[in-house]
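Enquirer: Fold the following, please.
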Amino acid sequence: MGRLSCLLLLMAFTPVAAWPQDLPIHPKPGGKICVALVSNMSSSSALLDRLTERLTKGLRDDKLNAVTLGSTTTSDYKLHPTRENGEEAKSQDCDYILLTQIVEPGKHPLDRQGTQISIGGRVPSIDASDPLGGSSGPVYRDNLQISFALFPIERLKPLLDTVILAQPSGHVSETLLSAMDRESARVGHELKKK
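Expert: This is a model prediction of the structure:
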């Protein structure tokens, strides 16, 4: 049997749906990003609609085509698009789905598989406007973890899977808004790679 015959026989028995998963992922210039609503798995309160809009706006400010979805990021520890995310992204003609989740580090027995970016650290709050710090002495807070992943449509493997450790402050909303800015910058950097 010749090489061509063997190759054709192999192709006949290989599921077509598996082929795209094996190909390397390259950013698509000008691709449209669907941003799923941020999910909050931490004990900190967060205005999820505001965070999602900040993230979408940050992507647009970076000259990327981004829209906000009505569906939410999964509450599963490992980020993956849900059926609702996928259906909505297809109806919006998106090329990517961006998922974002707020969690508390150390609350889950498994470590994230993605790259970890630590900004700041566990430092005392001495901000006078901090209700728990300032004149009453330093207060130590644990970091919040912002996990995010960028999935090409119809792919199970993310183009980007990263964690940002956000330094806590007396105003959690400011910490989270700043983390959304860093996330949009990271996604923009990834999609603009050549």
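
Enquirer: in what helix or strand does Gly58 lie?
Expert: helix 48-61 (DSSP states H and E).

Enquirer: ok, longest helix in the protein?
Expert: helix 172-191 (DSSP state H).

Enquirer: Enumerate the positions of that helix that are buried.
Expert: Under the neighbour-count criterion of 16 or more other CB atoms under 10 Å, helix 172-191 has 172, 175-180, 182-184, 186-188, 191 buried. For glycine as for every other residue, the C-beta is placed from the backbone atoms N, C-alpha and C.

Enquirer: Ok, stretch 38-48 next?
Expert: Val38, Ser39, Asn40, Met41, Ser42, Ala46, Leu48.

Enquirer: hmm, back to that, output the buried residues of helix 172-191 in JSON lines; the columns should cover distance to Asp62.
Expert: Putting the buried residues of helix 172-191 into JSON lines (distance: CB to CB, whole Å) gives the following:
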{"residue": "Val172", "distance to Asp62": "25"}
{"residue": "Thr175", "distance to Asp62": "21"}
{"residue": "Leu176", "distance to Asp62": "19"}
{"residue": "Leu177", "distance to Asp62": "16"}
{"residue": "Ser178", "distance to Asp62": "16"}
{"residue": "Ala179", "distance to Asp62": "16"}
{"residue": "Met180", "distance to Asp62": "12"}
{"residue": "Arg182", "distance to Asp62": "12"}
{"residue": "Glu183", "distance to Asp62": "11"}
{"residue": "Ser184", "distance to Asp62": "6"}
{"residue": "Arg186", "distance to Asp62": "10"}
{"residue": "Val187", "distance to Asp62": "8"}
{"residue": "Gly188", "distance to Asp62": "4"}
{"residue": "Leu191", "distance to Asp62": "9"}
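
Enquirer: Tell me the one among the residues you listed nearest to Thr100.
Expert: Thr100 has its nearest neighbour among the buried residues of helix 172-191 in Glu183, at 6.6 Å by CB to CB.

Enquirer: Quick check: the closest one touching Ile164?
Expert: Yes: counting by CB atoms under 8 Å, Ile164 is a contact partner of Glu183 at 6.5 Å.

Enquirer: Can you check which residues contact both of these two?
Expert: Ile146, Phe148 (CB atoms under 8 Å, 6 or more residues apart in numbering).

Enquirer: relative to helix 172-191, how tilted is the helix holding Gly58?
Expert: Here helix 48-61 runs at an angle of 40 degrees relative to helix 172-191 (axes from the mean of the first three to the mean of the last three CA atoms, to 10 degrees).

Enquirer: mind checking how far the nearest residue to Asp181 once chain neighbours are set aside is from Glu104?
Expert: Distances taken as CB to CB, 6 or more residues apart in numbering put Gly58 closest to Asp181, at 5.4 Å, once the chain neighbours are dropped. According to CB to CB, to the nearest Å, Gly58 and Glu104 sit 23 Å apart.

Enquirer: Nice, that's everything, thank you.
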